[in-house]
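Student: Got a predicted structure here, sequence first:
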Amino acid sequence: MTLTRNASSISSAFPPWTLPIPFNARFLFKKGWHSHEWERRGSIYLQQSAFTTSLVVSYARPFTTARGLPGLPARLIKWSDEEKTLHDQILTLRNEVYAHSDGASYSFQPWQSEGLITVIEKWPQRRLSKDDTLAF
């Protein structure tokens, strides 16, 4: 999904205690960390994953019900259609990939060849596109 940046970002509706959201988004953008795991060497993808996870979980926190506390109703925030689409996508990522391990997001396939036995793992990529990061 590609969004264009407008005058207000989707994180502008949040109170100051949500500061990790714009900080992490700016840092990911500044570093150019929008890559798939195989596109970068060394620990860059690991660092990208940490910042992306923090961004997604921090963003979704106000909208998530926890320990009996109600989440912030999304209907109270006025978003464009594109912003609402990104919001829904981020909440889905939070629930299925970042904060929990959804069975549909991961798969494991046993593999054997010439005495080697291993498991091929499919993990979801922990990345946001450059345009989606700019939407914050």
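Tutor: Yes, it's here.

Student: Okay, now the unreliable bits of this protein?
Tutor: Flagging of the chain using pLDDT under 70 yields the residue ranges 1-20, 74, 101-103, 105, 123.

Student: Tell me which stretches of it form helices.
Tutor: 20-31, 44-60, 81-93, 130-134 (DSSP state H).

Student: ok, now which ones touch Pro73?
Tutor: Pro73 makes no contacts at all, as judged by CB atoms under 8 Å, 6 or more residues apart in numbering. Yep, even glycine has a C-beta here, placed from its N, CA and C like the rest.

Student: re the thing from before, can you tell me which of the helices of the chain is nearest to Gln109?
Tutor: Distance to Gln109, taken as CB to CB, is lowest for helix 44-60 among the helices of the chain, at 22.1 Å.

Student: Would you mind pulling the contact partners of the closest one?
Tutor: Contacts for helix 44-60 (CB under 8 Å, 6+ apart): 10-11, 18, 20-21, 24-25, 27-28, 31, 33-35, 37, 39-40, 90-91, 93-95, 98-99, 126-128, 133, 136.

Student: Report the central residue of this structure.
Tutor: Geometric centre of the chain, nearest residue: Val56, 4.0 Å, by CA atoms, centre = their mean.

Student: Can you tell me, leaving aside adjacent residues, what's nearest to that one?
Tutor: Among residues not flanking Val56 along the chain, Tyr98 sits closest, at 4.8 Å (CB to CB, 6 or more residues apart in numbering).
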